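J.: no letters, just coordinates:
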C-alpha cells in the first residue's frame, strides 16, 4: 500500500472511532452496529478528501470531519446494498454483513444513522465554526451527490440493469451516479475545506470523474471470470468486452494524468494523485 494511503487511513480510522462513540448506554446497540460496519475498509474516498485539502494548503486535521462524513456515507451505502431487498449479500469485508450480525431492522437504522451523522460531522466541526461558508458548500455537494441525483439514483438504475441487458450509454450513467458521484464529492469536499477557487475545483472535479470511471471499469475487469455467459448483465466487460474495457480504463487514466499536469503547471504538487492512477493501472494489469 502507498505510504500516504496508510497514514491517511489511520487518521480517518481514529477519527471515525471517536465520532462513532456515545456516553449514553441506551444508544449502545445502534452505535455497535454503526461501528461494526463503518470501522474498516481502505478509506479511499476519505483519503481523497484529505489529500486534495492538503494539496491546496489545508491542514489534514481541519479536513478530517469532511473525510469522516464521506466515509459515513460510504458505510451506510454498503449496509443498505447488502440488505435482502437490495443485493442480498451475507458477507462484507470477510465478515457477516450488518443485517446478518444485527438483524435487518437494526442494519437499516444503522445505515440511516450513518447517513445523517455524515452531515453532523461537518456542521458540528470546528472547521464549520471557522469557515461556515466552506462547510455549507461541502454539505451541499455531499447531499446532492449522495442522494437521488447521485449515488441513490445510480443504485436504482443498477438494480434495474441487473435484470436486463443495458447499452453503453445507460451503463455510463449508472457508473457516473453510483460510483463516480461519491468520489467526486470526496474530492470537492477536500477542495472546499481548503477554500480552493472555482477554476481549481473544476479541474479537480474532472480528475475525480476520470478516476471514478477508471476505478469502476477496473473493478468489473477484476470481477470477470473469463465467461461472458455468467458475467453480470451490468458489468462493463459484459457490455463492451474485455479488450474495450481495458482500453477505456486506460483512456480515463490518461485523461486524469493530463488534468494533473495542469495542476502541476499551476504550481501544485499532485504527485499522490498520479500514484493513485498508477495504482489503478497496476490493479488492472494483475488480470
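T.: Structure received. Remember, it's a predicted structure, so these values are computed and weren't measured experimentally. Numbers count the residues shown, from 1 in each chain.
J.: only C-alpha atoms from now on, for both contacts and neighbour counts.
T.: OK.
J.: report the separation between residue 108 and residue 95.
T.: Applying C-alpha to C-alpha, to the nearest Å, the value for residue 108 to residue 95 is 18 Å.
J.: how about low-confidence regions in this protein?
T.: Across the chain, the ranges flagged by pLDDT under 70 are 1, 24, 287.
J.: could you tell me the end-to-end distance of stretch 233-245?
T.: With C-alpha to C-alpha as the measure, the ends of stretch 233-245 fall 14 Å from one another.
J.: buried ones in it?
T.: For stretch 233-245, the neighbour count (16 or more other C-alpha atoms under 10 Å) marks 233, 234, 235, 236, 237, 238, 239, 242, 245 as buried.
J.: and of those residues, the nearest to residue 159?
T.: residue 234 (9.2 Å; C-alpha to C-alpha).
J.: I figured the closest one hits residue 160, correct?
T.: No: using C-alpha atoms under 8 Å, residue 234 is not in contact with residue 160, being 9.3 Å away.
J.: neighbour-wise, which of residue 108 and residue 95 wins?
T.: The neighbour comparison of residue 108 against residue 95 (other C-alpha atoms under 10 Å) goes to residue 108, with 18 against 12.
J.: which elements pack onto the helix or strand harbouring the more buried one?
T.: According to DSSP states H and E, residue 108 maps onto helix 104-123. Counting contacts by 3 or more C-alpha pairs under 8 Å, 6 or more residues apart in numbering; DSSP states H and E, helix 104-123 is packed against helix 28-38, helix 60-82, helix 98-102, helix 132-146.
J.: quick one on the thing from earlier: can I get the buried residues of stretch 233-245 in TSV including distance to residue 222?
T.: Shown next, in TSV, are the buried residues of stretch 233-245 (distance: C-alpha to C-alpha, whole Å):
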residue	distance to residue 222
233	15
234	14
235	11
236	11
237	10
238	12
239	15
242	10
245	11
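J.: could you tell me the angle between the helix holding residue 108 and helix 132-146?
T.: Counting by axes from the mean of the first three to the mean of the last three C-alpha atoms, to 10 degrees, helix 104-123 lies at 150 degrees to helix 132-146.
J.: pull the residues that contact helix 104-123.
T.: Outside helix 104-123, the residues within contact range by C-alpha atoms under 8 Å, 6 or more residues apart in numbering are 19, 30-31, 33-34, 65-66, 68-73, 75-77, 79-80, 83, 98-99, 128, 135, 138-139.
J.: give me every residue that touches residue 249.
T.: Counting by C-alpha under 8 Å, 6+ apart, residue 249 makes contact with 213, 214, 215, 217, 218.
J.: neighbour-wise, which one of those residues leads?
T.: Counting by other C-alpha under 10 Å, residue 214 has the largest number of neighbours within the contacts of residue 249, with 28 neighbours.
J.: which residue is the nearest non-sequential neighbour of it?
T.: Nearest residue to residue 214, sequence neighbours excluded (C-alpha to C-alpha, 6 or more residues apart in numbering): residue 249, at 4.7 Å.
J.: let's see which of the contacts of residue 249 end up in strands.
T.: Within the contacts of residue 249, no residue falls in strands by DSSP state E.
J.: want to throw these into a markdown table with distance to residue 258?
T.: Listed next are these as a markdown table, based on distance: C-alpha to C-alpha, whole Å:
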| residue | distance to residue 258 |
| --- | --- |
| 213 | 15 |
| 214 | 14 |
| 215 | 17 |
| 217 | 19 |
| 218 | 20 |
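J.: which of these sits closest to residue 177?
T.: Nearest member of the contacts of residue 249 to residue 177, counting by C-alpha to C-alpha, is residue 213, at 10.3 Å.
J.: that closest one against residue 180, yeah?
T.: Yes: using C-alpha under 8 Å, residue 213 is in contact with residue 180, at 6.3 Å.
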